[in-house]
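J.: Got a predicted model here, sequence first, then my questions.
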Amino acid sequence: MLRFANGFLQCWILIAIFFGWSTCGGAARAEPAVRAGLEFVRLSKAPVTRIKKGGMIALQASVRNSGKVAAIGQLVGRLVGQSGDEDRRQVELGPGEEKDFDLHIRVSPKTTTSPISVSVTLNAIENGREVMLKKGDEPVSETLTLQFDEELVSTAIALPFEPLDGAYWRWPETEPYASYELVLASRIDLGLTRRCILLDSEPMPLSSVDWKGVETMVVGKRETLMDTAVVTTLQAFLQRGGHVLIMLDEIDASMVRPLLVNDQQCETVETVELNHIVMEINSPTVLALQDRTIDSDQPMRMKRVLQQGGRVTHSIDGWPAAISMKVGDGELLITTLESKAWLTPRKSQSNDQMSQSRFTAPLWEGTVSSSLNSTKLAEPFDALEPSYPLQLIGSPVVSRQLVGSILVGFCILLVAAGIGTAFAGDLRRIGLIAPGVAIASTIPLVLAATWTRSDIPSLVSELQYAQFWPNGGGLIRSKAAVYLAESRSMDLVSKTDGFAVPSENIESGVRSLVTKDFESWQLSNSDWPPGTWRYKSEVALSQGSYSAKSKLTDKGLELEFPEGMPSPPTDVVVNFNPGSPALVNWIEPNKSVLVDGELAA
C-alpha cells in the first residue's frame, strides 16, 4: 500500500513538473527576446541645409531592416555638448527594406565652438519598449563634424547634367554649360563663392525647415516642375521671401503657371533663333548701343512670350528677355533668352579657386544678378518682440474695489481718531494713533495680495500671425508665453509642416522634438519648470485643390461643386471669360451655380 502511494505521488509530481515546464515554455514563447533587425547604414548632411547659430541642421539617416519582420525604431539626435535637447525621428521599415529619413537638429544661438559635432543613435521599439541597439558594447550611432556656414547667400540649382568636355584637339570645341556658368558668374560678380547646392540627382526636400537656409532656387530642368510636391514646395518658398529663377528657354511656359498668382500670366508665342541682339534695359543706367549689342556666329534661342503682372527688366525687339514677378514676399525671375547670351569671357581670375569663373555677366545684365543673389527679406513677425503675451501672464492684481475700500476706511479711521483726540484735548496722541491705523490698513492689503497670488492658474497667452496665399495654403507664426504654477510635463502637438523652438532659459528636463513625418511632430518636456516661459512656432497650412464639374447649356455655364470641401462656397466669382469675372446665380444652395454673365463682378 505504501509503495502504491509513493508511486502514485511520484507520478503526480512528474505530471506537475511536465505541465509546469510546458507552461513556462509557453510563457517564454509569448514574449520573444529582443532581436531587432535595424541597422544604421550612413548619416549625411541634407543638400539644402545651412549650418548657423540658432538654426536647424537637416540630416539624412539611412536605415536598413535586415530582419524578416517589420521593424519600428527611433533615431535620436543631439548636438554634442548641448545638453537638454534631443530630436527624434520615428522609423518604420518592412522586412529587407532600406530607407532614408530626415532628422532635424536644433543649434542653440549660444553655441560658440566651431566645428560642431552631431551624434545620432538608433534605438529599436519592441513590445512597446525602446531598446538601445548595440554593436558589441557600444551603442549603434553615427557622428558628423560640421562647420558653420558663413556664406551670405545660399543658391540651390536644378539644371540638366553638364555634358562631358571633349578632347582639346576636337573641333568645334565643346560649348560651355552656359546655365551653370551663368549661376556661377552672377555669384562671383557680387563677391560670393562658387559654392552651390546641387539638386540635379538629389530628391528635392519638401520640409519648410530644410528651405530656411536657402535664398535662391534656379530651375532649368523641366523634370523638376513635373513633380506636384516640388511645385508646392517652391510656392511656399516664394511666399516666404525666396527667389526662384526659371530659365524659360529650357522649360515650357505652361509648367510655370502654378507658381504665378491670380493676376499674373506668361504664355509662349513662338521660339526664335537670333544672331544679332540689341538689348533694351528698363533701368536708370544708360548704356551705349555697342555695349548692348550681341553678335554671335552660333544662333541664340529665345522664346517670345506675352506676360501680365510682371515687370520686364530686359527686352529684345519689344519681347521680354527677363521678367520679374512679385509672388508673396518673394520674387519669381523668368529669362526667355538662353544662358550663353548672358555671358562674356572673364579677363582675370581670383587666386582663390572658390572665387573663380570662366565668365562674367555683361554690364547690361546687372539687375538680374543682383535680384537673383539678394538675401531674403526679414520676416516682419520675426522682428517683432510683442510684450503683451507676457503682460497677460502672471499674478492677478488685487481688485480696485478692495483697495479703494481699504483706503477709504483708513481715511475714515484717521479722521475719527483726530476728532476723538481733539475732543479729549490732547492732540499729542495723534502721532501714535496714525501709524497704528496705517499698519492696520496695510494688513488686509498684504493678506489679499498673498491670497490672490497663491491662486494663479496655469495660463497661456499667444500672438498669432496668419498669412494666406493666393494659390492656396498659408503660414501661421506664433509667439507665446506660458505660466506654470508648478513643474509639469508639456506637449506641443502639430499635424502640419512646421517646427517649434523652446526657450533657451529652460535648463531642467529633456526638450524632445519627436517627428513621425514632416507633417506630424511633437515637442515635449517631461519636467517643465514653474515660472513664465516663452516659445515660438511656425506651421504651414496645407494647400488643397478641388475640381468642379461644368457644362455649357442654353442658359450659360453650370458648375457643380465637389463634395468634401472644408466649408460651403460663398461670394463665388467665376472668371469664365478672361478679364470679365462674373458673379453666379445659385441653382442649388452650396452645390451648383449658373454663370450667365448678367452679374458682372
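T.: Yep, that arrived.

J.: which residues touch A321?
T.: Applying C-beta atoms under 8 Å, 6 or more residues apart in numbering to A321 gives the contacts 279, 302, 314-315, 335-337. For glycine as for every other residue, the C-beta is placed from the backbone atoms N, C-alpha and C.

J.: and what of D596?
T.: Contacts of D596 (C-beta under 8 Å, 6+ apart): 555-557, 582, 585.

J.: Tabulate the contacts of A321 (JSON lines), appending pLDDT.
T.: Output for the contacts of A321, formatted as JSON lines (pLDDT from 0 to 100):
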{"residue": "M279", "pLDDT": "91"}
{"residue": "M302", "pLDDT": "94"}
{"residue": "H314", "pLDDT": "93"}
{"residue": "S315", "pLDDT": "93"}
{"residue": "T335", "pLDDT": "93"}
{"residue": "T336", "pLDDT": "94"}
{"residue": "L337", "pLDDT": "92"}
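
J.: Please list only the buried members of the contacts of D596.
T.: 556-557, 582 (16 or more other C-beta atoms under 10 Å).

J.: Now do the SS call for E365.
T.: Following DSSP: H, G, I helix; E, B strand; the rest coil, we place E365 in the helix state.

J.: Test my guess that it contacts T344.
T.: No: using C-beta atoms under 8 Å, E365 makes no contact with T344, being 9.1 Å away.

J.: Which one of these two is surrounded by more residues?
T.: E365 (23 against 14; other C-beta atoms under 10 Å).

J.: Look up the closest residue to the more buried one, ignoring the ones flanking it.
T.: W342 (5.4 Å; C-beta to C-beta, 6 or more residues apart in numbering).

J.: can you count the residues close to that neighbour?
T.: Using other C-beta under 10 Å, W342 has 27 other residues around it.

J.: List phi and psi for it.
T.: Dihedral pair for W342: phi -90, psi 10, per degrees, to the nearest 10.

J.: now do G420
T.: The phi/psi pair for G420 (degrees, to the nearest 10) is phi -60, psi -40.

J.: roughly how far apart are it and L414?
T.: Separation of G420 from L414 (C-beta to C-beta, to the nearest Å): 11 Å.

J.: So which of the two has more stuff around it?
T.: L414 (16 against 12).

J.: how much space between the more buried one and E130?
T.: Counting by C-beta to C-beta, the gap from L414 to E130 is 69 Å.

J.: what's the answer for I294, then?
T.: For I294, the distance to E130 - C-beta to C-beta - is 65 Å.

J.: Using the three-state scheme, assign P435.
T.: P435 - assigned by three-state DSSP - is helix.

J.: repeat for the one 4 residues further on
T.: Going by three-state DSSP, the secondary structure assigned to I439 is helix.

J.: tally of neighbours for it?
T.: Neighbour number of I439 under other C-beta under 10 Å is 9.

J.: Just the element for N262, please.
T.: Per DSSP states H and E: N262 is located in neither a helix nor a strand.

J.: Let me know the pLDDT of it.
T.: The per-residue pLDDT reported for N262 equals 80.

J.: same question, W169
T.: pLDDT, read off for W169, is 55.

J.: And the one 3 residues further on, by the same measure?
T.: The confidence metric pLDDT takes the value 54 at P172.

J.: Give me the subset of the contacts of D596 lying in strands.
T.: 557, 582, 585 (DSSP state E).

J.: wait, which of these is closest to I476?
T.: Of all these, I476 sits closest to A582, with 33.0 Å by C-beta to C-beta.

J.: how about the helices of the chain, start to end?
T.: Assignment of helices within the chain using DSSP state H yields the ranges 2-30, 178-189, 228-239, 366-372, 380-383, 388-391, 400-424, 430-453.

J.: Those helices: lowest mean pLDDT?
T.: helix 2-30 (a mean of 38).

J.: where in the protein is pLDDT low?
T.: 1-36, 161-176, 377-399, 425-431, 449-459, 470-472, 503-510, 518, 542-545, 578-579 (pLDDT under 70).

J.: rewinding a little: neighbour count for I294 and E130, which is higher?
T.: A side-by-side neighbour count of I294 and E130, using other C-beta under 10 Å, places I294 first with 19 against 13.

J.: Wait, the more buried one touches I316, no?
T.: No: taking contacts as C-beta under 8 Å, I294 lies outside contact range of I316: 9.4 Å.

J.: shared neighbours of those two, anything?
T.: With C-beta under 8 Å, 6+ apart, I294 and I316 have common neighbours 277-279.

J.: Okay, buried residues for stretch 345-363 please.
T.: Within stretch 345-363, the residues that qualify as buried are 346, 357, 359-362, counting by 16+ other C-beta under 10 Å.

J.: Next one: I251 relative to L199, how far apart?
T.: On the measure of C-beta to C-beta, I251 and L199 end up 15 Å apart.

J.: Please apply the same query to N351.
T.: 30 Å.

J.: Going by distance to Y535, which of the ones in strands among the contacts of D596 wins?
T.: A582 (47.1 Å).

J.: what bridges to that closest one?
T.: Using DSSP bridges, the bridge partners assigned to A582 are V574, A600.

J.: Next up, the contacts around it.
T.: The contact partners of A582, taken as C-beta under 8 Å, 6+ apart, are 573-576, 595-601.

J.: Now rank those by neighbours and give me the top one.
T.: V595 (24 neighbours).

J.: Which residues are in contact with that residue?
T.: Contacts of V595 by C-beta under 8 Å, 6+ apart are 556-559, 574, 576, 582, 584-585.

J.: Just the closest of those residues to V269, please.
T.: Scanning these for proximity to V269, where the rule is C-beta to C-beta, the winner is F576, at 23.6 Å.

J.: The closest one reaches L559, doesn't it?
T.: No: look at F576 against L559 with C-beta under 8 Å: they stay out of range, at 9.3 Å.

J.: coming back round to it: using TSV, lay out the ones in strands among the contacts of D596 together with distance to L287.
T.: Formatted as TSV, the ones in strands among the contacts of D596 follow (distance: C-beta to C-beta, whole Å):
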residue	distance to L287
L557	51
A582	47
N585	56
